[in-house]
Every structure is written in structure tokens, then in C-alpha cells.
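1. predicted model and sequence follow; I will ask about them next.
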Amino acid sequence: MSETGLISVFEDRPEGRFTHVQIDGDGLATAYNGHVDLGTGVETALAQIVAEELDLPLARVAMVLGDTARTPDQGATIASETIQIAAVPLRKAAAQLRHYLAGEGARRLNAPMDGVESRDGAILWKDTAVTYAALAAGKDVAMRLDDEMPVKDPSAYRIVGTPAGRVDLPAKVQADFSYIQDLVVADMVHGHVVRPPYAGRDSGDFIGRSLISHDEAAVSGLPGFIAVVREGDFLAVVAETAHQAQRIAEALPVNWRMPPPAPDLSDLKHALKAAPSTPRALDRSGDFDRAIGECGIRLDRTYVWPYHLHGSIGPSCAVADWNGGKPIVWSGTQNPHMLRGDLGLLAGLDPEAVEIRRLQAAGCYGRNCADDVCGDALILARAIGRPVRVQLTRAQETLWEPKGAAQLMEVSGGIGGAGDLHAYALDTWYPSNRGPNLSLLLTGRISPEPRDSDMGDRTTVPPYRVPNKKITVHDMAPMVRAAWMRGVSALPNTFAHESFMDELAHEAGEDPVAFRLRHLDDPRAADLVRRTAAEAGWEERTGPRFRREGRMAYGQGFAYATYVHGTFPGKAAAAAAWVCDVTVDTLTGEVTLTRVFVGQDQGLVINPDGVRAQIHGNVMQTASRTLHEEVSFNSLAPAPQSWANYPIQTFDKLPEIRSMLIERPEEPALGVGESAAVPAAAAIANAIFDATGVRLREAPFTPGKVRAALAEAAGTPAALAPPPAAPKARKRFLGLAGGLAGMLTLGAVGIPMARSIPPQPAPAASTFSAETIERGRQVFAAGDCAVCHTAEDGIANAGGRGMETPFGTVFTTNLTPDPETGLGLWSFAAFDRAMRKGISRDGHNLYPAFPYTSFAKIDGADMQALYAYLQTLEPVKAETPAAQMVAPVNLRPVNAVWNTLFHDASGFTADPAQSAEWNRGKYLVEAAGHCSACHSPRNLMGAEATGAKALSGAVIDGWYAPALAGTATATRGWDADAFFAYLREGHAPGIASASGPMGEVVDSLTALPDADIRAMSVYLAGLAAPGTAPAPVPAEAALLPDASSRLFRAACSSCHEPGLADTLTAAQVPLGRSAAIRAPSAEGLKSVIRDGIEAPLSLPLRDMPGFGAELSEAQIDELAGYLRARYAPDLPSWNGTPAAR
Amino acid sequence: MSPQSVSFTLNGRPVTAETDRHRVFLDLLRGELGLKGPKYGCGMAQCGACSILVDGRPARACVLRAARVEGADVVTLEGLAGPDGLHPVQQAFVEAQAAQCGYCLNGMVISAVALLRANPRPSRDEIRQGMRDNLCRCGTHQEIIEAVERAAELLAAAGGTAHV
């Protein structure tokens, strides 16, 4: 008992004794419920119920939700059951406790039991009072729940039915709240899972049997390493910090067996029907087969619902502590008690031995990865004997979450002779189950056989009077991992029912609302429909009204549903009706939901604010699902890994939402978590029909689908297919091998191979003057030597960086004075020859990826200074990897031929007609700076262009180095000041930011004095056609919305057209100025999209994440094409089709 | 990855922490620095759950490398409230009950602070555009817009003194 006293009400249940509600000697009540708060605020509503029955201020009630050690097993928090079902014993227990307190209070006050009243935590009689705290003080009373305990009459409610603020909001709004993602447990370490390649799949022989090997030794020396844990296909890394765990997991070499291709889900309608399923007959009233033949109006329709993501904003997380075989798992689960059973099975323990402590997580709208990650954490905690936290990445959550299932609905029905609905058949296919815990599948604890479930039967029966029905659900196992999601199968089933009702009303020439009302026998339902239509301003019609203003079409739609959940015949939650208005852009096909009015009958309202919040959330979320959302699949797995491939509706698309709560305090409270979602899709489809006469039966109603439907209705072909992709370039190098080989045979005889210069210890660094060394440091910086001569995350200047060239990969050499692997035994003569002639000390020719063609122009004093500086570097022993060149370039002598053809080893010549500054700039640009190495195109032999084509821009190593010479440069706004800003800080405002290799170049140039940067800028500005006025940024082209525009909006726009203009992490240069978008080829742009940008930290630049892991090459191609068409409409498209689409 | 240290001001207090050149700031904030406000959502600057203020400007901590905040003044959700209680934007979010699960709340509040600093009296459409890069999956958008409108009123009443 509490130190101050405790009075409680308990219940003995099969799983043990559980307290429902208690009050302590401080007058604080605590109530326990096996359901959890999924982010809906149901905790607040439950607290209101307890506070009401107890007559206690709301602030004095605390709720404990879902902890298995403290709360009863009331099933999963699904089907909007918490208030409707799980709260029932809570209410009775609170009433019983108040009854007891009233009796004690009466005795204390010497009052008759029926004379006292309770209020605000005290028992009152006449002008005397005793508080609950005083009554509980020193007590130790536990009462068994009396199931017959009368509860308050709703007319006496003071707290229930009154808006109440969320009890958790004040803490959340100031970051004083621990979500599961925020939990820290003492001695906790971090796990990072490595998932198999068969993402999002849960059946087939390969599940749990695809991991061939992993190489722990390759990562065990990395910082923070604790363990690699493997069991079947479960593989994870544990490390001291989350950051380290992720790093190690990404570095861990793993071999997986290639999984078989996934089912082809590109055509859902046929894929769902073709997969194995078992029909289950539900409502068979009357004789449908006979009756359908009697119908004067008969329709047969097919409706399709896509796969959806739950898309919790926070990926799942859990912490587990093995606790000596009595595990404690902290979880954001929706189903603590079900999870306990799964984890018991996983660990070989009795479920009772596992304790789940439930914390709030990011909103969950069904079965996401919250339970899976608990299995991950438990396996790791047991393996290493310390508490382990596992946080899934966005990609892991998105790929693996059991999806909201796709669904196929076929409806046949008709109107009989009397003008009434006479026959109605629904067949529905719902490939889903309850999402077996992934850890059980990966470890092989359970077999990976296809498992079906009975959840396709939600709201399968239309709510209308139909004498002859034939309702059939086709139970089927998931085709990809799929489980319940908000509205479960009821939402797609209602999409079918309520679209079909509209179609029939239209055929019958009746107003859709009037037609429904004529068939609604339930007076409560009819009242809801009637009042919603009236309140929302429903406009009667007997067919589509085609209201137009220019290209915009306007429509209004209606739909109604009573959400029936649970296995057939199920149980009804709140009923909801929608009236919504849409605008359809008939040119682009975009549907904008402009206004939604929801009427809802949920019986007793506990918290009106909470109910309205659920309505608003259901509207926005389901509008998004209906209009935009659809999981796409590649041959193996779901395609989306982030929001890039799965855009959801954002603030700019928020409709005006109004709601009407039909209050029936005398009726039991009904669940409201999903009801307002259920009519959404049909209401929107019906509104689109009113606007355009076009009937959409396959969600989502994307612009492309709407355009195609409009075109079909108008009898014209759906235009605007994306242009065919251009064949891949790169053919220009095909002729190379033969050409060079031929030259070799012709030329080799006459060309002497270079001699070796004997090794000779370099002079000690101390023999050089400080001045010389400083000068050398500047030449080194001007030449960006460290950029190429340092491997990714390698030791500075020790070489080993791979340089991709069209002829193969060359690795840079070690510049440090190490005698064996570096320049320690190079005399100045050997160094000078290498720099000017491309011949290594031992006489072999260097590949011209090393820009000796430029370095030949370095003057003697600079070369000596550079040599001196290099000898001062810390020696590092690092062998240079062998080059991997295509034949015959791997014959180094070929390079000698090359040199005679393309290399001019004469030095730099100043132009006396120009200023000293200009000449200094030219020297830096042409000699050490070797700008032409990247910015000049190369011929088929890899030699830099000269003359007019010099510095005219080129693609190098996949990056586009823009033109430095010519009018195109000037029109983009480059002048000496812009060059100076760019070369000094990497950013010329409004013109360009350094990205890719150029960022490192600018980083290197920081060692140069301003005067040198200024000199280079003056020279470069002279190349850029001085006097040419900058051209304005071209106006963006208006493009028809398509997959690329959606991708851009979801993946790119938060940084490239941010809603908050001063966002620090947003792009610095408008895309209309992007040199990569204006480049002659898409290659550089695609490199940026694929690899992102990690700019040198010394510069005030910004990073960009790479999308190579999650976008397909086809998507990157299309996105590049979209960017070109939108931001460079004045230029031709890269694939030869007209620019603006 | 050689370790390097980074020093900055976090919610008014000087901080020095170890990082390396790749590590993103969000990881440091939620890791060693133990913050709960900035949330991990996508790691790709798409959702906004990790939003913070750096030298008064909104930033996505998931794509901002820790080494980049050297010398910066960083404010997170933890640092908005003053000695007299909630920041007006926080107060407005409570008044408008502008959260369901609240996981995106950090980004919503931080973005609202930034929006209102740039535009103290935004129209409803300007709020919709300004907040559009913050994702909310629960569908709390209407309440959040009302919260931003209310926050503008509260800030105006406070004479702009509550700006961070």
C-alpha cells in the first residue's frame, strides 16, 4: 500500500489480479487500462471518465496505460474500442470507489448515506466536508469490482462532455516528455539491425534462410564495437552509441542469398484476384442470384484500393533489458499483451515472464514496426547482457512496416421495379493478416507460411435496406507484409458501397442523398444523413452538374458510413457522413479538396475537443491517402524508403474542415478514432463525378489518372506521356582502345622510354628556408594536391584515392616523404620531371589523370618551393594501389605516345600587354591551379581541348565542371567579384555554390592570400566575355504534375523551395541558376542527386543528402529531366525532345 | 574519421562536444547532449521533426553536420520557454490543442517561431505555405494553423519581446 493510505478497486482476471482505479492518502487517483494512447489523446478521455465518476478534478487523475505488469489484458488498441469497450470496467470501478468514499464520508460527517454528495474530491454534507485524501489516509482497502455497480446518469456529468485539454500536451510542447524514442535506461547500449534484401515480405522458403555470411572481423576494431549478433536472418550490430552502431552496421560485409522476385503488384486489380484466396460467405439475405435478374437498372463495378504506408513520423524504437531471464521491454506497441506472447515465444519464456512497459510513440494508425523492433532489442539484450536500444531508420521502417493492405472490391447491384434497391453483392479481397512479429520470422521461430486473417469483413454490408444480398469476403494471405491500418477494410469497402450508391442514384435519376435516405431504416443513421446534408449546404442534383470556371471544375460529394469493426457481423462504432467540395483542374488533373463537412454520431461525447481532433485528423489523413498515396514496388520489395517516393498531403493542401457532433448523451459512447475516415474516399470520388462526370474507381486519384479519365471521357487520347528516355551516352569512348593500340604499334619504335632517376634521399626539411616552405605550401594549395592525394577518410596526402576516368581507375600516389612508398627518395630532378613530363622517378609514365600538362607551366622557384614543402610533411607509409585500366591504356608506354601527341612541356609565358595581376591569375589558373583539367573537355584520347574549346565545360568523374570561358559564363552573372566570392568562400550569392570536387578545391584555396584569389578572379572574369550583361534567371516552366513533380515536392522542395525562406539548411542557389541543370548533359546533375553533397567544413556551404540508395536510375533520369524542363525551359531537353513538357 | 571538437551555445549555455566530420548535429543533440525536443524522423530534411534554430534561423538538424555549428547560437524546443513560463508560440499550441501524437510538434513549434519572426502577422495562406515542409501524419494541420494565428496574437500582445 501507499505510505499515505490507499483504497482500490480490483478485478481477478485469468491473467491475474489487476487494479482498475485507486486513490491514495494525498487524494490522487490512478487508473489502469490495458489499452494505450496511440497519439489520439484517449488518455485524456479515459481520465475524464474516471474523474467524472469519482467527482475528482481531472488534474488529480493519472492514467497508466498498457504496462503488462500493471494493467489487464484488454486486447489490442484497435477498432476504436478504447472508449466503447475497454473503458467500461474503469467507469464502474471509479463509480464503486466514489460510492465507498461517500459511505466513509457519511460516517465521518455523521450524515445519512443518501444525504451526502461528492464534488471536487470531497464528500459534502450541509456545510461540512471531508476530502478524499482524508478518507484514504491511513487506509488499506482493496475492493473487488462490482460489475453491477450503477454509474452516473449522464445528465449529471460535469467533466465528461466538456472540452478538456490534452493532459500530455504541456510536457510535450516544452520537450519535457519521453516518447519511446527518448527513453534512456541506465547502462543502455545501442543496436542497429541489418535487414535482409527481401524487405517487406513475410512468406516463402527464403524467409529466415537467406543470410550466407558476414565478416565480423572486418568491423570489430571500429570505435564503440560491442558485438555482432546473428540468428537465422536476424543480424544486428551492438555498439556504445547509436551513431557508432549505425556506422558499424553500414560497414559490416554481409552476403545474402538473392530472394526470388516479389509478386507483380503493378496491376493490383488482377494481382489480387489471381492470388490464392478463400471465399467466406457473410450476409446472404434473400436470393441475390434471382433478384439481380429482376432489376431494371443493374450495375457491375470494380473498385481498387492501393497499398498504403502508416507513415508514422517517428520510426519505431524499443529498449530491452534481459534482466536475468525476466525481461523488461520498453515499447511503443499498440498491443502490449499480444507482444508479450510474441516475445515469450522468441525468448523461449512463458509470456508472463516478459514485462512490457508502454511509452507513447509517434502516432501509429495500425500495425507498424513498433512490435518488430521490440523483438530486435530483446534478442540483442539477451546476447550481450546489457539493456539495448534499437532505433529503426526511416528506410527500415518504411520498407518493412506491414503495409495498409490493398483491396479489390467488386459490386453488382440493381434497382427493382418499385424503384428500390433490390439486389446487392459485394466481393472483397483483402490480402492482409495481423503482421507476425518480424523477429519470429527472421529467426525461424515461426514458419514463413502464408497466413490469412479475417479482417477483410469490416463494414462489408451496406447500411441500406436491400432485400437480396450476397456479401462475400475472400480471405487471403498478404502478398507483401500487410496488416490493419486506420479504417482497416471498412474504408475500401465503403469506398465501394458509397461510390456504387452514387452510381445507382445517378442511373435512377435521383438525388444521391435522397436516394440513400429512402433506403435507410435506422432512424439514427437517417437523422445523421439528413442533418449533415442540411448543415453542410448539400445541393440537390440528379446527375453531375459540371460547374466550370475556365479550366477549373467544381463539385460536391456525399458519403456516409457506420464503421462496423470486429469479425462479421461485427460491432458498430460512431457513424459519420461527409459532404465535401473539390476543385478539379481539368488541364493538370489535380484534385484539390477545398472543404469538408463531417457530421458524426458517436453517442455520448467524452471530450468534444478530442472528438473534433479525431475528425480533423481522419479528414486530412484520409484525403491524403485517397488523393496522393500509393506504395509502389520494385521486383523485390516496396520502393519507398523515405517520403521521397511516398508524398503525403501537407499544410498547403489542408481543406477547410467543419464538423457537427450529434450529441446523444443518453447513448453509450462510441469509438471515434476511425469513423470519419471511412466515408472519405467515396465522398471525394462522388465530388469529382459531380464536377466532371468522370467516375474514379481506383485510388489514389492522382493527376495522371484524372487526366487520363478526363481524356477518355472526352474521347481523346491521354496526352502527355513522358518522352521516351534517350539511349545512354558514353559511346564516344568505344573507339578508343583500337585507336591507341594502333598508335602503339606505329609509334612505339621511335619513342624512347624514360630512364630511371636513381633513388636519393631528399634534403632534410630543415635545409629549406621558412619562406620557401610557405611558398611551397601555397603552391600545394593552389594545386589542390591534397584533394586528389588523400583517400576518402584516409590520411592526408598519403594517396590512394581512386580517380575514375573513361579509361579505368587510377589511384593517386603518396606525396609524403616516406622513403619506401612516398617521395622520400626522390631528388628534385625526379620530382621536377614527374611534374612537368608525367614520368615517375623509376621512368614509367604517369597517367594523364595527373595533370602534369598544367604543372609543366609552374615556374622553377615555385616548383622548388613545392618540393621543399612536400619534404616537410609527416612521412606516412602507404602503398599506392595498382591502377585498373582498360587495355591497352594499362600499357604504360602508351602514355608516352600520348605525351608526344598532346603534351606541351614548355613553361608559362606572360602576356606583357596585360596587367601583372592578370598574368598572376593566368599563371595560377593554368599552372598549379590546373583548372583546365576539369573545366576543359577532353578529346577521345583524354587530352584537354585547347583554343576556343578550352575551359568550355566538361563532365569529369561524374560531375559537371561548368564553362569558365565564353558568354554563357558571363550571362550567368560571373564577374571578378563573383569569382572572388566563389573561390574564397565557395559561394557566389545568387550564382553558384561549390559542390562535389569543387568544394574541396575551394577548401584547398583557403591557403592562398586574397591577392592570389583576386588575381585568379580577374583573369577568369576576362575569360567570361566581359561586358556581357547577366541574363535574368529564366522563368520556371509550368509543367503538368507527374511522378517527378511529386517526387520533387516530397524529396527536394523542403530545401530547394523552402516554405521558410531563411532556412539555414536549405540550398543557397536557386535551381534556375544551377550550372548542373544548364549543363549540356544530365550526368553532373544526376551525380548530385545520387551522391548528394558533403561540402568541406571550412567553407560556409551546405550539404545535401544523396538519393542513390532509394531512387531508381529511371527515377533519377526522370527527375533530372523534370528539373531541366522546369528550371531551364530556354534550353533543349537532354534527350532531344522539346524542353517544356 | 578523426574526432574533432565543436563548441557552440546551446539554449544559452556554452557547450563543447566531440564529433567527427560526418556526424550530423541531430545525433549529437539527442545522444551525448540528451535532448528530447529535436526528433529523428527521416534523416533527409523531408519531415522537419528535427528542426532547431541556429543563429535564429530554422535548420534541419538531421542534415546539418555537427561541426558546422562551431560558434553558433543554437536554440531547441527545450530553450524556448523563459523564466516566466512558456514561449508565446508554445502557449498558443497548448491553447489551440495543436497536437495529436505530438511527435512532429518540435518542428511545428520551431518553424512557427521562425515564420513569425520573419512575418509577424501572416495570413492564413502564408502560414500554410510557411509550414508546408513540416509533415504531420495525424492530421493536426487545422489546429496547428490556428495555433500559429494565436501565437501571432500573443506575440503582438507581448510587443515582440518574446522573440528568441
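-> Nice, I can see it.

2. give the contact list for residue 42.
-> I'll assume chain A. A:35, A:82-83, A:610, A:673 (C-beta atoms under 8 Å, 6 or more residues apart in numbering or on different chains). Where C-beta positions appear, they are placed from N, C-alpha and C, glycine not excepted.

3. switch to chain B, please.
-> Taking C-beta under 8 Å, 6+ apart, one finds A:394, A:642-643, B:49, B:62 in contact with B:C42.

4. ok, and the most crowded of the contacts of A:V42?
-> The most neighbours of any of the contacts of A:V42, using other C-beta atoms under 10 Å in any protein chain shown, belong to A:I83, which has 33 neighbours.

5. just the ones of the contacts of B:C42 in strands?
-> Using DSSP state E, no member of the contacts of B:C42 sits in strands.

6. quick one: which of those is the most crowded by neighbours?
-> Most crowded among the contacts of B:C42, counting by other C-beta under 10 Å, is B:A49 at 29 neighbours.

7. for chain A, what's the nearest residue on chain B?
-> B:C101 (2.6 Å; C-beta to the nearest C-beta).

8. that residue: neighbour count?
-> For B:C101, using other C-beta under 10 Å, the count is 29.

9. okay if I get the contacts of B:C42 as JSON lines plus pLDDT?
-> Listed next are the contacts of B:C42 as JSON lines, based on pLDDT from 0 to 100:
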{"residue": "A:R394", "pLDDT": "97"}
{"residue": "A:S642", "pLDDT": "94"}
{"residue": "A:W643", "pLDDT": "96"}
{"residue": "B:A49", "pLDDT": "98"}
{"residue": "B:C62", "pLDDT": "98"}
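
10. is the lengthiest helix in chain B in proximity to chain A?
-> Looking across chain B with DSSP state H, the single longest helix is helix B:141-157. Yes: Helix B:141-157 lies within reach of chain A by C-beta under 8 Å from any C-beta of the partner chain, at B:141-145.

11. neighbour-wise, give me the winner out of these.
-> B:H141 (28 neighbours).

12. tell me the contacts of that residue?
-> A:616, A:620, A:651, A:654.

13. need the helix or strand of chain A with the lowest average pLDDT.
-> One helix or strand of chain A scores below all others by mean pLDDT, DSSP states H and E: helix A:736-747, with a mean of 36.

14. phi and psi next, for the residue lying closest to A:C934 once chain neighbours are set aside.
-> Using C-beta to C-beta, 6 or more residues apart in numbering or on different chains and skipping residues adjacent in sequence, the residue nearest A:C934 is A:A961, 4.0 Å away. The phi and psi values for A:A961, taken as degrees, to the nearest 10, are phi -100, psi 110.

15. what is the neighbour count of A:A961?
-> 25.

16. who is it paired with across the strands?
-> A:A954 (DSSP bridges).

17. for it, what are its contacts?
-> A:934-935, A:953-955, A:998, A:1084.

18. list only buried entries from those.
-> With neighbours counted by 16 or more other C-beta atoms under 10 Å in any protein chain shown, these contain buried members at A:934-935, A:953-955, A:998, A:1084.

19. how about these in TSV, adding pLDDT?
-> Listed next are these as TSV, based on pLDDT from 0 to 100:
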residue	pLDDT
A:C934	91
A:H935	93
A:G953	90
A:A954	91
A:V955	88
A:M998	92
A:G1084	93
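
20. distance of the most centrally placed residue in chain B from B:V89?
-> Most central in chain B under C-alpha atoms, centre = their mean is B:I110, positioned 2.8 Å from the mean C-alpha point. For B:I110, the distance to B:V89 under the criterion C-beta to C-beta, to the nearest Å works out to 9 Å.

21. which pLDDT value belongs to the closest residue to A:A1031 other than its chain neighbours?
-> Spatial nearest neighbour of A:A1031, chain neighbours left out: A:T971 (4.1 Å); criterion: C-beta to C-beta, 6+ apart. The model reports A:T971 with a pLDDT of 83.

22. ditto for A:A483
-> The model's pLDDT for A:A483 equals 95.

23. my guess is A:V1001 meets A:A1007, correct?
-> No: under the criterion of C-beta atoms under 8 Å, A:V1001 makes no contact with A:A1007, lying 11.7 Å away.

24. the two - which one has more neighbours?
-> Taking other C-beta under 10 Å, A:V1001 and A:A1007 do not tie; A:V1001 has more neighbours (23 against 15).

25. for that one, give me its contacts.
-> A:784, A:787, A:994.

26. what comes up buried for the host helix or strand of it?
-> If you go by DSSP states H and E, A:V1001 is part of helix A:997-1005. Neighbour counts using 16+ other C-beta under 10 Å place A:997-1005 of helix A:997-1005 among the buried residues.

27. just stretch A:868-886 next, same as before
-> A:868-873, A:875-876, A:878, A:880, A:883, A:885.

28. that one and chain B, are they touching?
-> No: using C-beta under 8 Å from any C-beta, stretch A:868-886 stays clear of chain B, coming no nearer than 13.7 Å.

29. run the chain-centre distance for that stretch.
-> In terms of C-alpha atoms, centre = their mean, to the nearest Å, the centre of stretch A:868-886 is found 42 Å from the chain centre.

30. start to end distance for that stretch?
-> End-to-end distance of stretch A:868-886 (C-alpha to C-alpha, to the nearest Å): 36 Å.

31. domain-wise, how is chain B divided?
-> The record's domain split for chain B, according to automatic domain parsing, is B:4-79, B:88-157.

32. winner for burial among those?
-> Mean neighbour count (mean count of other C-beta atoms under 10 Å in any protein chain shown) peaks for domain B:88-157 among the domains of chain B, with a mean of 23.

33. contact residues of the stretch 201-350 of chain A facing chain B?
-> Counting by C-beta under 8 Å from any C-beta, the stretch 201-350 of chain A sits next to chain B at A:241-243, A:310-315.

34. hmm, which of those residues are the buried ones?
-> Buried subset of those (neighbour count, 16+ other C-beta under 10 Å): A:242-243, A:310-315.

35. ok, back up a step: including pLDDT, could the residues of helix B:141-157 next to chain A go into a markdown table?
-> Output for the residues of helix B:141-157 next to chain A, formatted as a markdown table (pLDDT from 0 to 100):
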| residue | pLDDT |
| --- | --- |
| B:H141 | 98 |
| B:Q142 | 97 |
| B:E143 | 98 |
| B:I144 | 98 |
| B:I145 | 98 |
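
36. redo those as a markdown table? Include distance to A:S277.
-> Shown next, in a markdown table, are the residues of helix B:141-157 next to chain A (distance: C-beta to C-beta, whole Å):
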| residue | distance to A:S277 |
| --- | --- |
| B:H141 | 38 |
| B:Q142 | 40 |
| B:E143 | 42 |
| B:I144 | 42 |
| B:I145 | 44 |
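
37. residue contacts, residue 92?
-> By default, I'm working from chain A. A:20, A:145-147, A:149, A:151.

38. oops, chain B please
-> B:98, B:112, B:147-148, B:150-151, B:153-154.

39. now, the most widely separated pair of those residues?
-> The span of the contacts of B:A92, defined through C-beta to C-beta, is set by B:A98 and B:E153 at 14.2 Å.

40. quick revisit: which of the contacts of A:V1001 fall in strands?
-> Those of the contacts of A:V1001 lying in strands (DSSP E): none at all.

41. filter the residues you listed by proximity to chain B?
-> Restricting the contacts of A:V1001 to contacts with chain B (C-beta under 8 Å from any C-beta) yields no residues.

42. how about residues contacting stretch A:247-263?
-> A:192-194, A:196-198, A:201, A:204, A:206, A:209-216, A:218-219, A:222, A:224-225, A:228, A:235-237, A:239, A:271, A:275, A:479-480, A:633-637.

43. that older thread, just send the contacts of B:A92 back as a markdown table, with pLDDT too.
-> Conversion of those to a markdown table gives the following (pLDDT from 0 to 100):
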| residue | pLDDT |
| --- | --- |
| B:A98 | 97 |
| B:A112 | 98 |
| B:A147 | 98 |
| B:V148 | 98 |
| B:R150 | 98 |
| B:A151 | 98 |
| B:E153 | 97 |
| B:L154 | 97 |
